[in-house]
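J.: here is my input, please return the structure:
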Amino acid sequence: PKAFAVRLLNPDLDDYEDVQTFFDLVVKPVIEDELGYRLVVIDGRQAYEHARIDQEIFAKLHRSSIVLADITGARPNCFLELGYALGRCLPTMVMVREGASLPFDITTFSGLHWKVSGSAEDRKRAFREHWNAIRNRPSLVPTEPLIS
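T.: You can find the predicted model right below:
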């Protein structure tokens, strides 16, 4: 199964190092080594199945089993991909660096506010605990019609 990563990928931006470190030390080891998913990141360095990077992103996102959406840095493309994942009712974990400001609509989600400090094991434990708490939550949009 594939876990699609929605995240800041521009190394020229201030938040990049924190996000990269979080994914390297916490997300990737837990998702791949412990949970058995393959983490998919489209950063422009891999060969594409499609002609354009946006096609590649949405094709891989569409076919993912879960989505890990880190919105640190408040990048518009991340919000677009997060909205797509939620609209498709994909199991989605929303994450942001602790202390980051969030748009109102995102504050209603139970997101992981990850820390830049602490041991890798403590940070992995927090990630696992949050994943276990939200992994079976119902989708944002009910798949069954509501009875009125």
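
J.: what residues are up against Cys57?
T.: Cys isn't right for residue 57; it's Ile. Ile42, Glu81 (Cβ atoms under 8 Å, 6 or more residues apart in numbering). (C-beta placed from N, C-alpha, C; glycine too.)

J.: any idea which element it lies in?
T.: helix 53-62 (DSSP states H and E).

J.: wait, Leu61 touches Val67, no?
T.: Yes - if you go by Cβ atoms under 8 Å, Leu61 and Val67 touch, sitting 6.9 Å apart.

J.: shared neighbours, those two?
T.: Phe4, Val6, Glu81, Ala85, Leu90.

J.: using the three-state scheme, assign the fourth one.
T.: At Ala85 the chain is in helix, as set by DSSP: H, G, I helix; E, B strand; the rest coil.

J.: need the nearest residue in space to Glu32, chain neighbours excluded.
T.: If the residues on either side of it in the chain are set aside, Glu32 comes closest to Leu39, at 5.7 Å by Cβ to Cβ, 6 or more residues apart in numbering.
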